[in-house]
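Undergrad: Have a look; sequence and predicted model below, questions after that.
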Amino acid sequence: MKNVFLLFAIAGIAAPYYFIYKFIQANNWEWSTSLFFEQINANPGMKILNADLTVAATTFLIFIIYKRSTNALSTKRFLTYFASLFLVGFSLALPLYMYHNYKN
């Protein structure tokens, strides 16, 4: 099972960056933050996904902050998950946490 979490962590890096690449490619190789947010909030279906992901990622963030505050999580691991969450996304942070904490 641990290898499955590792596979999802790798996919959690590859998938978001693939779509960032496609977004930039579709916009003449230019990044536009305003266009990005306009498109991800274009319809109610996307807003559902955004709300769901926001709640899940925020819950995970509060969870790792709590675990760190009770010394149940090392500073190194906390920073790893924190950076993963904000530099890549929840798609990497959660599988990475599961990989590190899975007990056989």
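TA: Cool, the structure landed.
Undergrad: ok, and the closest non-adjacent residue to residue 64?
TA: Among residues not flanking residue 64 along the chain, residue 81 sits closest, at 5.0 Å (CB to CB, 6 or more residues apart in numbering). The C-beta positions use only the backbone N, C-alpha and C, and glycine is treated the same way.
Undergrad: which residues touch the one you found?
TA: 60, 64, 93, 96-97 (CB atoms under 8 Å, 6 or more residues apart in numbering).
Undergrad: Please flag which of these sit within helices.
TA: Those of these mapping onto helices are 60, 64, 93, 96-97, per DSSP state H.
Undergrad: which residues touch the helix or strand of the chain with the lowest mean pLDDT?
TA: Here the helix or strand of the chain ranked lowest by mean pLDDT, DSSP states H and E is helix 33-40, holding a mean of 92. Helix 33-40 has contacts (CB under 8 Å, 6+ apart) with 23, 27, 46, 50.
Undergrad: List the contacts of the last one.
TA: This points to residue 50. By CB under 8 Å, 6+ apart, the neighbours of residue 50 are 40-41.
Undergrad: Show the pLDDT at it.
TA: We have a pLDDT of 94 for residue 50.
Undergrad: And residue 14, how far from residue 85?
TA: 17 Å (CB to CB, to the nearest Å).
Undergrad: more crowded one of these two?
TA: In this view residue 14 and residue 85 are compared by other CB atoms under 10 Å, and residue 85 has more residues nearby, 21 against 13.
Undergrad: Tell me, what's the model's pLDDT at that one?
TA: pLDDT at residue 85 comes out at 98.
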